[in-house]
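S.K.: Have a look at this prediction, sequence included:
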Amino acid sequence: MELAINWITLKSNHKMDTIMANEYIDLESLKFLLYQVHGLQDVLNLPNYSDYDIGSIDLLLNSVKEFSDKEMYPYFKEMDENPAHFKDGEIIVHPQVPKYMKAGGEMGFIAGAFPYKDGGMQLPAMVINASGYIQEAANNHLPGYIGLTIGAAELITHFGNEALNTTYVPKMLDGSWGGTMCLTEPQAGSSLSDITTSAEADGDTYKIHGQKIFISGGDYQGVENIVHLILARIKGAPAGTKGISLFVVPKHRPTTDNSLAHNDVQTVADFEKMGQKGYCTTHLFFGDKQDCQGWLVGEVNQGLKYMFLMMNGARIAVGRGAAAIATAAYHASLNYAHERSQGRKLSNTGKKNIQQAQTLIINHPDVRRMLLLQKAVSEGSLSLVFLTAKYHDYSNSHTDIEERKRYKLLLEILTPVVKTYPSEMGRVAVDNGVQVLGGYGFCSDYILQQYLRDIRIFSIYEGTTGIQSQDLLGRKVTMENGKALQLLSEEITKSIKASMTHELLAPYAHKLAEKLELTQKVLQSLMGYAIKGDYERFLADATPFMEFFSNILIGWLWLDMAREAQQALVMGATENSSDFYESKIHTMEFYFTYELPKTTGLAEILMNGKALTIGSDKKVFA
């Protein structure tokens with residue numbers, strides 16, 4: 001529990017004459033979702049998390065916000081203007097990166113999710129994601145360094161032997177050593193079956209040879225070592241994904257006298273990106289001098305299976321990061337709208353009175369529409385992140401084995417959605433934020449353009465939108481004869497029935513019920529192709545289906561938020577809090593009026609019999 005105490009009590013030593021306005025997040029909305037809507041207490045009641053209560057979590061999140069205010073947010077713009085770059089064989093990063101890694105070890109940002117037996121804090125995924133969300137809203141360039149270290153360490157703790165755990169995990173959890181996951185190669189982007197990085201047995205280790213590209217946090221000054229978890233093919237292994245193994249390949253290999261020796265891992269370059277410039281993305285070469293040693297993790301030819309077992313957490317984290325950027329952008333554009341005077345309100349005659357003083361743009365209906373869209377998307381996305389994290393907690397820690405299985409299926413069907421909706425619609429929301437600022441939104445003096453550049457990568461991280469969409473429709477919807485979809489429909493139906501008891505919410509509950517029926521019609525139409533064996537046609541419009549399905553799920557989550565808000569008002573919310581709860585109900589009404597109806601057009605696309613995107617002899621791109 002010492003790490004937990006450190007996280008709550010450690011204060012920043014960073015001194016500043018002035019601190020930038022820290023209105024990048026609404027902590028009250030975060031806690032409303034975490035505590036009231038998604039019931040964190042139910043998760044804390046599980047034996048695995050019984051050392052914590054709402055009071056201690058509240059202190060923890062306040063501490064994270066205080067740290068983020070001082071050590072992350074003030075450097076956000078600076079890291080974009082002074083990006084990570086390759087020089088003399090090394091990646092040069094902003095000085096705040098090593099400071100953040102050190103703080104990540106001291107405050108438990110890295111160890112938070114790990115069980116006590118591995119030296120961790122054994123915090124629920126819901127809390128870990130709340131903490132990560134605050135940090136990413138403050139500065140989305142920094143958390144990735146810790147996130148990749150967590151992912152690499154998790155692979156070792158789950159599948160590595162005792163020697164690997166003892167050698168690497170403690171140094172990674174305390175922030176002394178960083179970590180990465182290395183999948184992509186120049187000729188094998190999303191097609192991992194085409195990996196050619198090789199591994200040849202050499203006594204107790206393997207000689208590794210090959211290259212990896214787009215490796216986030218792949219090399220940088222400020223940590224003593226970087227531990228790469230790489231996918232490679234042992235010579236003689238089966239072709240395709242069945243022949244891929246997983247290896248620990250450190251930049252510097254530990255020696256018997258506790259020193260570090262160079263392990264023939266070379267940094268070739270750092271990719272210059274349009275966004276997230278403070279978060280390095282490297283090109284690495286392994287074994288140029290035939291002296292790169294790797295240690296097998298688990299069994300041979302099981303590497304891809306191991307890597308993908310950790311992907312649920314990684315994909316939730318991507319969605320969380322996109323939700324955080326969308327949130328920060330919303331607050332930036334909202335602040336601007338409250339300060340910027342432009343034009344005059346129309347009178348009831350339809351004419352402007354030029355004698356009137358200019359009005360703040362927050363008073364213009366179209367600006368309010370764009371701001372409400374940002375609010376609906378960012379808070380809806382965070383709600384989706386917390387729900388998926390809750391399913392993750394239950395699937396791992398519920399005391400009832402059958403309930404674990406049920407929540408595992410719910411987690412599986414939501415994972416591609418939680419990665420995709422915040423990434424795709426978050427970008428739309430941030431783009432609307434740029435529009436709120438008008439010409440200033442396109443200028444580097446204002447932060448909206450940076451948020452727009454930063455969020456663009458999130459629909460590509462951890463499997464593109466197309467890949468996630470095919471996973472949703474082709475695997476998750478059909479898994480166990482549609483069991484996951486059935487369970488999710490039951491959860492939505494419970495919410496609809498609960499909302500029917502509120503006179504204000506009943507019309508919206510009816511609308512959502514109609515959308516559930518529409519989902520069945522769409523799936524019946526699409527499944528006809530799968531039954532005939534025409535899988536290309538079945539999956540051709542997987543991305544529009546993702547948009548359709550996600551839109552309905554966010555409607556469900558907003559209905560839940562509005563119901564919790566309505567109950568709070570009925571119970572006698574204070575005058576100060578009543579505006580807060582009314583705003584949730586108003587945003588739900590906006591979502592059901594402006595966003596949910598889009599599913600009708602998407603359904604028309606999905607049930608149209610034409611196959612216009614499938615290749616043929618016709619030269620459509622001539």
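M.R.: Happy to help now that I have it.

S.K.: Need the nearest residue in space to Ser198, chain neighbours excluded.
M.R.: His209 (5.1 Å; CB to CB, 6 or more residues apart in numbering). (Glycine included, C-beta is placed from N, CA and C.)

S.K.: Show me what the helix or strand that contains that neighbour packs onto, helices and strands only.
M.R.: Secondary structure from DSSP states H and E places His209 in strand 205-216. When contacts are defined as 3 or more CB pairs under 8 Å, 6 or more residues apart in numbering; DSSP states H and E, strand 205-216 packs onto strand 177-182, strand 198-202, strand 225-234, strand 245-250, strand 281-286, strand 293-296.

S.K.: and the angle from that strand to strand 198-202?
M.R.: Interaxial angle, strand 205-216 versus strand 198-202 (axes from the mean of the first three to the mean of the last three CA atoms, to 10 degrees): 150 degrees.

S.K.: Of the helices and strands packed on strand 205-216, flag the one that's most buried.
M.R.: strand 177-182 (a mean of 27; mean count of other CB atoms under 10 Å).

S.K.: State the pLDDT value of Arg344.
M.R.: pLDDT for Arg344: 72.

S.K.: Return the backbone torsion pair for the closest residue in space to Ala542 that isn't next to it in sequence.
M.R.: Excluding its sequence neighbours, the residue lying closest to Ala542 (CB to CB, 6+ apart) is Ser469, at 3.9 Å. With angles defined as degrees, to the nearest 10, Ser469 sits at phi -70, psi -40.

S.K.: Would you agree Ser469 is in contact with Phe548?
M.R.: No. Counting by CB atoms under 8 Å, Ser469 does not reach Phe548; the two are 10.4 Å apart.

S.K.: The two: which has the busier surroundings?
M.R.: Counted by other CB atoms under 10 Å, Ser469 and Phe548 do not tie: Ser469 has more neighbours, with 25 against 22.

S.K.: quick one, what contacts the more buried one?
M.R.: Pro416, Thr420, Ala542, Thr543, Phe545, Met546 (CB atoms under 8 Å, 6 or more residues apart in numbering).

S.K.: So the fifth one sits against Met527, correct?
M.R.: No. With contact defined as CB under 8 Å, Phe545 does not reach Met527; the gap is 11.5 Å.

S.K.: In terms of neighbours, single out the busier of these two.
M.R.: Neighbour tally, Phe545 and Met527, criterion other CB under 10 Å: the higher count belongs to Phe545, 24 against 15.

S.K.: Then that one would be within a strand, right?
M.R.: No. Per DSSP: H, G, I helix; E, B strand; the rest coil, Phe545 lies outside any strand segment and is helix.

S.K.: For the nearest residue to it once chain neighbours are set aside, give me its contacts.
M.R.: Computed as CB to CB, 6+ apart, the closest residue to Phe545 that is not its neighbour in sequence is Leu473, at 5.1 Å. By CB under 8 Å, 6+ apart, the contact set of Leu473 is Leu526, Phe538, Leu539, Ala542, Phe545, Met546.

S.K.: Likewise for Ala357?
M.R.: By CB under 8 Å, 6+ apart, the neighbours of Ala357 are Ser341, Arg344.

S.K.: Kindly report the same for the one 4 residues further on.
M.R.: Under the criterion of CB under 8 Å, 6+ apart, the contact partners of Ile361 comprise Tyr336, Ala337, Arg340, Ser341, Gln342, Gly343, Val367, Val436.

S.K.: roughly how far apart are the nearest residue to Val300 once chain neighbours are set aside and Ala232?
M.R.: Leaving aside its sequence neighbours, Val300 sits nearest to Ser245 (CB to CB, 6+ apart; 5.1 Å). From Ser245 across to Ala232, the span is 6 Å (CB to CB, to the nearest Å).

S.K.: Low-confidence stretches in the protein?
M.R.: Applying pLDDT under 70 to the chain picks out residues 1-22, 189-191, 347-355, 575.

S.K.: and after the longest helix belonging to it, which helix or strand comes next?
M.R.: The longest helix of the chain (DSSP state H) is helix 401-437. Proceeding C-terminally, helix 401-437 gives way to helix 448-455 as the next helix or strand, assigned by DSSP H and E.

S.K.: what are the bridge partners for the nearest residue to Thr197 once chain neighbours are set aside, then?
M.R.: In space, and not counting its chain neighbours, Thr197 is closest to Gly210: 2.8 Å by CB to CB, 6+ apart. Beta bridges link Gly210 to Phe286 when assigned by DSSP bridges.

S.K.: Next: the one 5 residues further on.
M.R.: Residues in a beta bridge with Ile215, per DSSP bridges, are Thr282.

S.K.: list the contacts for it?
M.R.: Thr180, Cys182, Thr184, His228, Thr281, Thr282, His283, Leu284.

S.K.: ok, back up a step: write the ChimeraX selection for whichever of the contacts of Ile361 are buried.
M.R.: One line in ChimeraX is enough to select the buried ones among the contacts of Ile361; burial here means 16 or more other CB atoms under 10 Å:
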select :336,337,340,367,436
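
S.K.: and the two most separated of the contacts of Ile361?
M.R.: The span of the contacts of Ile361, defined through CB to CB, is set by Tyr336 and Gly343 at 14.9 Å.

S.K.: one step back: just give me the closest of the contacts of Ile215 to Pro124.
M.R.: Of those, the one sitting nearest to Pro124 (CB to CB) turns out to be Thr180, at 25.6 Å.

S.K.: I'd say the closest one and Val223 touch.
M.R.: No. Here Thr180 lies out of contact with Val223, judged by CB under 8 Å, at a distance of 11.2 Å.

S.K.: chain center to stretch 370-381: distance?
M.R.: Averaging C-alpha positions (CA atoms, centre = their mean, to the nearest Å) puts stretch 370-381 16 Å from its chain's average.

S.K.: I meant to write stretch 165-181 there.
M.R.: With CA atoms, centre = their mean, you get 22 Å for stretch 165-181.

S.K.: Now do that stretch: distance from first to last residue.
M.R.: 16 Å (CA to CA, to the nearest Å).

S.K.: And that stretch, what's buried?
M.R.: 165, 167-169, 171-175, 177-181.

S.K.: Kind regards, and thank you for your time.
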